[in-house]
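>>> Sequence and predicted model, in that order:
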Amino acid sequence: MALYRRIPGAIAVITLTNPPVNALSCTVREAIYETVKRATADQEVKAIVLCGANGKFCGGADIKEFSREMRGPPLVPMIDMIEESEKPVVAVIEGVAFGGGLELALGCHYRIAHSGAQVGLTEVTLGLLPAAGGTQRLPRLIGVPAALDIITTGRHVSAQEAVRLGIVDKVTDSSAMEEAIEFAKTVAGEPMGPRRLSLWTAACPEDLDSLLEGALVRIRQRSRGALAPVACVQAVRAAASLPFAQGMKKEQELMAYLFTSGQARAMQYCFFTQRAAARWTTPSGASWENTKARPVRQAAVIGLGTMGKGIAVSLSRAGIPVIAVETEQKRLKAGRKAVNSMLTRESQKRGLAEAHLGSISFTLDLRKLRDTDLVIEAVFEDMALKKQIFSKLSSVCRPDALLCTNTSGLNIDEIASAASRPELVVGTHFFAPAHVMKLLEVVCGPRTSPVAVATAMQLAKRLEKIGVVVGNCSGFVGNRMMRPYTEQAYYLLEEGARPEEVDLVLEEFGFAMGIFRVMDLSGLDVGWRSRKELGLTGPKLPPGTEARSRGGKRYSPLPDILCESGRLGQKTGRGWYLYEKERVATPDPWLQSFLEDYRSRFGIQSRRVGQDEILERCLYSLINEGFRILQEGIAASPEDIDVIYVSGYGWPRHRGGPMFYAWMVGLPKVLDKLEHYHRTHPDIPNLAPSSMLRKLVARGSPPVHQWRALIQQHSSQL
Ligand SMILES: CC(C)(COP(=O)(O)OP(=O)(O)OC[C@H]1O[C@@H](n2cnc3c(N)ncnc32)[C@H](O)[C@@H]1OP(=O)(O)O)[C@@H](O)C(=O)NCCC(=O)NCCSC(=O)CC(=O)CCCCCCCCCCCCC(=O)O
Ligand SMILES: NC(=O)C1=CN([C@@H]2O[C@H](COP(=O)(O)OP(=O)(O)OC[C@H]3O[C@@H](n4cnc5c(N)ncnc54)[C@H](O)[C@@H]3O)[C@@H](O)[C@H]2O)C=CC1
């Protein structure tokens, strides 16, 4: 709702009141209409101040209403009514003004913000565009280039930047409300015509076409295949070239197109599932509601390699003092140098004084960890080494210290068996680069206590990451699902495809990089080491093992052969691609002839593999593994799997995540295709459709949010 009150000085104050973010629900819109009409009709009122309750102006339209039939007064005429008011309307922006919230403020004649506030037209992140006049008013207010950037990225703009750009008229460190009231008194009675943005003309550069073309290029790089940012560019073009009314018409047409698109549905699904992941539960009844996290006042990181460095930076950035441990002086020195320069870059980027960062001390002595509340181990992926460290930690650390491992797939329970308090051992699987990537898989072993889960999830929140609780199995959720996906990619090469063909299909789907480019970037030796560890290749492989079969199942030795010949990816200048210029992947003629020789050596008839087959075999095998994970209770819900893929593996947000995508495609189609590919390749067992998929199809393919009820009938590993 919106509360109305009169205060001395002939001011009416209208307060949006819809916790937690004062979203513009049907009731709120009705109340705004009514209160603005009341204020404009009241002869005693000379100016109107519009604010939000509880220190937040407005989080925009009520996203929950998008999936229902629209009721109540629409936003556009409501904002027009405010703009047309003869009495000045001053918006008080505290907390946030996002999406429809900022559009509402743009309809007001003045905007006064608190210095801690943020504004933004965030609709593009929900698969939409700012369709309450935002695409037309913002370019008129701040010019086309700056508006184009804000509208197509949906980025959050600080109050300081907002005043610099002219989005708000004034920023204050003290009470924005008081400032706005005083200001309103000074402008009461002035003509409001010049303050109506709909009457302005957008300042437009001469080279408008090249500006818009440049934006489209960046959009294709950032989010290939996404409809909303492209529609945003079209709407801004309308603002630059058409009168306001015609621009508004274009905005509405584009919105109608986006609103009913599967992409908008997928992105709104992502918005809610990301938040739902924090509400974890385990079948034992433990949950985020009934389990208190332990306070973390000091943390430690063991190992300052690729991951440890980023983890230490993340902790420090959250204001947590860190002790970083290495094995030898040289590595410690290198780690310290790298961490310090990352922190300097961070503080420059965020405009933070270094004093706001948690201090980091560096040591070779594990005994220095006696007072830490939480330790994160990030040493080599080696079970014996990890067990040795956990055993030492048990004797060095306080008995209640939480012991976390960053293993990317080893058995948490086996690691915990080396600790004296296995219930305080939990997996905290960060993703590279750890100070950038948002995902944190919180891996719960059979003996992990609820308090350990709660503390790790609380840590995720403090580090501004998205924590998702998963069960203990080889590769957990994310990496386990990657295995069948990468295997299919190798098999496709064996059968006749080229790496660049596979990558192109995946990039057209929306991944920022195809799988072969990803492997080249992270290093082919990562998977090679793990295959050697598993005895699939290398010295542990029993003599006489067939080259293309392991345990009666198909196996591709292609990546092993590449590694054996020193092709480890970007770092060696060649892998699946050639890198003559740093980081620029070019198809390698050597690889092409190597693949031809390989096929003829093994009598494989090369064929043209179609784009549909590439996409279906890669994605459906990954999705099928997701169904198995659900069936085994390794993930609590399909939504959790989707959050993991969108926030940790570059799955395009506008496709919702693998499980949501499967539902959008149609579960019967996914089942059909898997059956077909499994018939064609009976030696690839993970193409056999999982029983969970069959069950869902048999139940009529219910929407994703109903799967959880079916899954609960299965055992859970959480
Ligand atoms: C605001 C935040 C920054 C707050 O963050 P934080 O404090 O961290 O809290 P959260 O955990 O994120 O949120 C708390 C809680 O609130 C819920 N929530 C947040 N925002 C909203 C919202 N806007 N609506 C509903 N609920 C919201 C959130 O889900 C949490 O609850 P939980 O899920 O239960 O845990 C942060 O929340 C944030 O960033 N929020 C989103 C801000 C945003 O993106 N806003 C934009 C919304 S879209 C918008 O405003 C669009 C428009 O204005 C356009 C309007 C035009 C509409 C016209 C429709 C015309 C259609 C024509 C089509 C015709 C089709 C046909 O022909 O049929
Ligand atoms: N590299 C990646 O992309 C990811 C790795 N992981 C996991 O994170 C862990 C670390 O991986 P990386 O950082 O890539 O390894 P890395 O090889 O880059 O670094 C490991 C570091 O640990 C140090 N170390 C080894 N033994 C030690 C000991 N006893 N005490 C203190 N330090 C010791 C080494 O000196 C080295 O600096 C592994 O378990 C890995 O599986 C998880 C997610 C992603």
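Perfect, thanks for sending it. For clarity, every value in this text was computed on a predicted model and none was experimentally measured. Residues are numbered from 1 along each chain as shown. Ligands and ions are numbered 1, 2, ... in the order given.

>>> if I look at the spatially most central residue of the chain, how far off is M255?
Geometric centre of the chain, nearest residue: S647, 3.5 Å, by C-alpha atoms, centre = their mean. To M255, S647 is 27 Å away according to C-beta to C-beta, to the nearest Å. The C-beta positions use only the backbone N, C-alpha and C, and glycine is treated the same way.

>>> can you check Q160 too?
Taking C-beta to C-beta, one finds Q160 at 31 Å from M255.

>>> more crowded one of these two?
M255 (22 against 14; other C-beta atoms under 10 Å).

>>> my read is that one is in a helix, agree?
Yes: per DSSP: H, G, I helix; E, B strand; the rest coil, M255 lies within a helix segment.

>>> residue contacts, it?
When contacts are counted by C-beta atoms under 8 Å, 6 or more residues apart in numbering, M255 is found next to 128-129, 131, 231.

>>> of all the residues in the stretch 1-150 of the chain, which ones are close to ligand 1?
20-21, 23, 59-64, 75, 96, 98-100, 103, 122-123, 126, 128, 130-132 (C-beta under 6 Å from any ligand atom).

>>> Then the chain?
20-21, 23, 59-64, 75, 96, 98-100, 103, 122-123, 126, 128, 130-132, 255-256, 259-260, 272, 275.

>>> mind redoing it with 5 Å?
20-21, 23, 59-63, 75, 96, 98-100, 122-123, 131-132, 256, 259, 275 (C-beta under 5 Å from any ligand atom).

>>> Check the contact between S115 and Q160; I expect there is one.
Yes: applying C-beta atoms under 8 Å, one finds S115 in contact with Q160, separated by 7.0 Å.

>>> Overlap in contacts, these two.
Going by C-beta under 8 Å, 6+ apart, residues that sit against S115 and also against Q160 are V171.

>>> Could you give the backbone dihedrals for the closest residue to A312 other than its chain neighbours?
Computed as C-beta to C-beta, 6 or more residues apart in numbering, the closest residue to A312 that is not its neighbour in sequence is V301, at 4.7 Å. The phi and psi values for V301, taken as degrees, to the nearest 10, are phi -130, psi 130.

>>> Could you look up the SS state of G427?
Going by three-state DSSP: G427 is strand.

>>> which residues touch it?
Applying C-beta under 8 Å, 6+ apart, the residues near G427 are 404-407, 412, 441-445, 472, 476.

>>> what do you get if the cut-off is 10 Å, keeping everything else the same?
G427 makes contacts with 404-412, 415-416, 440-445, 448, 452, 456, 470-472, 476, as judged by C-beta atoms under 10 Å, 6 or more residues apart in numbering.

>>> K368 - how many residues pack around it?
For K368, the neighbour count with other C-beta under 10 Å is 15.

>>> Assess the claim that it and L393 are in contact.
No: using C-beta atoms under 10 Å as the test, K368 is too far from L393 to be in contact (12.0 Å).

>>> still on that earlier bit, right, and the secondary structure at the residue nearest to the centre of the chain would be what?
Under three-state DSSP, S647 comes out as helix.

>>> and it, what does it touch?
Counting by C-beta under 10 Å, 6+ apart, S647 has contacts 270, 274, 277, 431, 437-440, 465-466, 468, 478, 653, 657.

>>> how about the strands in the stretch 451-600 of the chain?
Using DSSP state E, counting those that start in this stretch, the strands of the stretch 451-600 of the chain run over residues 466-471, 549-550, 553-554.

>>> Centre of the chain to stretch 459-476, how far?
Computed by C-alpha atoms, centre = their mean, to the nearest Å, the separation of stretch 459-476 from the middle of its chain amounts to 13 Å.

>>> The closest residue to P542 other than its chain neighbours - how many residues pack around it?
With C-beta to C-beta, 6+ apart as the criterion, P542 has its nearest non-adjacent residue at 7.9 Å, and that residue is G535. Neighbours of G535 under the rule other C-beta under 10 Å: 13.

>>> G535 reaches Y555, doesn't it?
No: checked against C-beta under 10 Å, the pair G535 and Y555 is beyond contact range at 11.8 Å.

>>> any common contacting residues for those two?
Counting by C-beta under 10 Å, 6+ apart, the common neighbours of G535 and Y555 are T545.

>>> Report the separation between the nearest residue to P19 once chain neighbours are set aside and R655.
Leaving out its chain neighbours, the residue that sits closest to P19 by C-beta to C-beta, 6+ apart is N54, at 6.5 Å. Using C-beta to C-beta, one gets 35 Å for the distance from N54 to R655.

>>> Following the record's annotation, map out the domains of the protein.
2-259, 299-476, 489-601, 611-711 (automatic domain parsing).

>>> Contact partners for T186?
With contact taken as C-beta under 10 Å, 6+ apart, T186 is in contact with 47, 88.

>>> burial of the residue nearest to A312, as a residue count?
Other residues lying near V301 total 32 when counted by other C-beta under 10 Å.

>>> beta partners of it?
A324, I376 (DSSP bridges).
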